[in-house]
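>>> sequence first, predicted model second:
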Amino acid sequence: MKLLIAGGAGYLGSALIPQLLDRGYRVDVVDLFWFGNNLPDETGIVNKDIFDLTVPDLEGYDQVIFLGGLSNDPMADYSPAKNFIYNAAAPAYLAYIAKKAHVRRYIYASSCSVYGYTENELYDETRPVSSVFPYGISKLQGEQAVMNLADESFSVIALRKGTASGFSPRMRLDLIVNTMFKCAVSNNEIVINNSSVWRPIISIEDAVAAYVRTIEASESISGIFNVASGNYTVGEVADQVKIEVQEQLGARVKLKIKHIKDIRNYKVSCDKARNVLSFHPHHCVRSIVRNLIAQMDKFSDWENPLYYNILTFQMLEEDSVRPEPLGRVAIAK
Ligand SMILES: NC(=O)c1ccc[n+]([C@@H]2O[C@H](COP(=O)([O-])OP(=O)(O)OC[C@H]3O[C@@H](n4cnc5c(N)ncnc54)[C@H](O)[C@@H]3O)[C@@H](O)[C@H]2O)c1
């Protein structure tokens, strides 16, 4: 089977693609490589913006997977316009041309952030969504656009992932467990903005498994699926990170609890993914931390801007060559 993965050079794709190659898939990646290239040599590379792809470029692929866009709130808040273009319009355009090219399945990287602020009930995929911030709105717009294209010849699956964490060859230290781990190890202190809000967490290994299960699911399946390893309050995540770091590394870690209002609070049911996709998560916060400790020498240059999406994105935006505004063009007399 031949797969095209848009945004495949990112955190998730860089962990997923080695597994897909091991399973015998042919994998091409189209990406702008904002965070470099950590992909295996066997990966086909297309260094392009998704919007520069046309229908002939997608012919011959069995499945197309969207992992691109601005992948967190700080990036979305920094550039709301790009957020809506890359998170809402790009997946819609890619699904549209994929269907025209007779691709059989489209997989969309959605997010549990579409649920917004909920009242501490377990949410399944039938519950209302209510994001009021740019990232969450745009992920929902992308999801709605691609789901509209599903029919008997074009399977569309949206995976609403919890916040991913763990080690990837393209490392991120701006994800909840990874950030707390870094702070615990490098500063012996974890700062918690709001310890009572709920977050579904997914280990990178469970996230990769969710994509593998989806790629290999019967083509008759389309739909939206929550995927997470577990639901935790942010305070509980911090406690688990602290315990594991203390036990494994012998450090003494302090917690600093703040009481800042949060715009996101949700916990999700993954029953549908379990029953329909055979998605069975195996990880918890403590096993994520154990795996981070095992790979720590690969990312302990803690302040590398590539590990923080917003820092790299800001640098790219500020360095980009923009046309001179017309008003500043000197006119020869
Ligand atoms: N990481 C998480 O916790 C999480 C949780 C839920 C959903 N998601 C979604 O999963 C996807 C993957 O997340 P990630 O953490 O791997 O992201 P990432 O930021 O590590 O990678 C995104 C990749 O997309 C590429 N890209 C962005 N716009 C592009 C475009 N127009 N054309 C070509 N390439 C483009 C970037 O160069 C980058 O390599 C994203 O869509 C994100 O919104 C992530």
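Noted; the coordinates are in hand. Numbers count the residues shown, from 1 in each chain.
>>> and the stretch 201-333 of the chain, which of its residues are near the ligand?
Selection of the stretch 201-333 of the chain residues close to the ligand by CB under 6 Å from any ligand atom yields residue 309. Yep, even glycine has a C-beta here, placed from its N, CA and C like the rest.
>>> how about the protein: which residue is closest to the ligand?
Taking CB to the nearest ligand atom as the measure, the chain has residue 10 as its residue closest to the ligand, at 2.0 Å.
>>> so what's the residue count around that residue?
The number of residues packed near residue 10 is 26, by other CB atoms under 10 Å.
>>> over to residue 123?
What residue 123 shows, counting by other CB under 10 Å, is a neighbour count of 22.
>>> do the same with residue 81
8.
>>> quick one: the strands in the stretch 51-200 of the chain?
63-66, 105-111, 117-123, 155-161, 163-165, 189-192, 198-203 (DSSP state E, counting those that start in this stretch).
>>> the second one - contacts with which helices or strands?
Spelled out, that is strand 105-111. Packing partners of strand 105-111 (3 or more CB pairs under 8 Å, 6 or more residues apart in numbering; DSSP states H and E): strand 63-66, helix 90-100, helix 134-147, strand 155-161, helix 204-215.
>>> let me have these in JSON lines, extended by mean neighbour count.
Listed next are those as JSON lines, based on neighbours: other CB atoms under 10 Å:
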{"stretch": "strand 63-66", "mean neighbour count": "26"}
{"stretch": "helix 90-100", "mean neighbour count": "22"}
{"stretch": "helix 134-147", "mean neighbour count": "23"}
{"stretch": "strand 155-161", "mean neighbour count": "25"}
{"stretch": "helix 204-215", "mean neighbour count": "23"}
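>>> among those, which comes closest to residue 177?
Among those, the nearest to residue 177 by CB to CB is helix 204-215 (9.9 Å).
>>> the closest one - contacts with which helices or strands?
Helices and strands touching helix 204-215, by 3+ CB pairs under 8 Å, 6+ apart, are helix 11-22, strand 63-66, strand 105-111, strand 155-161, strand 163-165, strand 223-227.
>>> could you check the angle strand 105-111 makes with the longest one?
Same thing as helix 11-22. Relative orientation of helix 11-22 versus strand 105-111 (axes from the mean of the first three to the mean of the last three CA atoms, to 10 degrees): 150 degrees.
>>> quick one on the thing from earlier: I'd say the residue of the chain closest to the ligand and residue 170 touch.
Yes. Contact criterion CB atoms under 8 Å: residue 10 and residue 170 qualify, at 6.0 Å.
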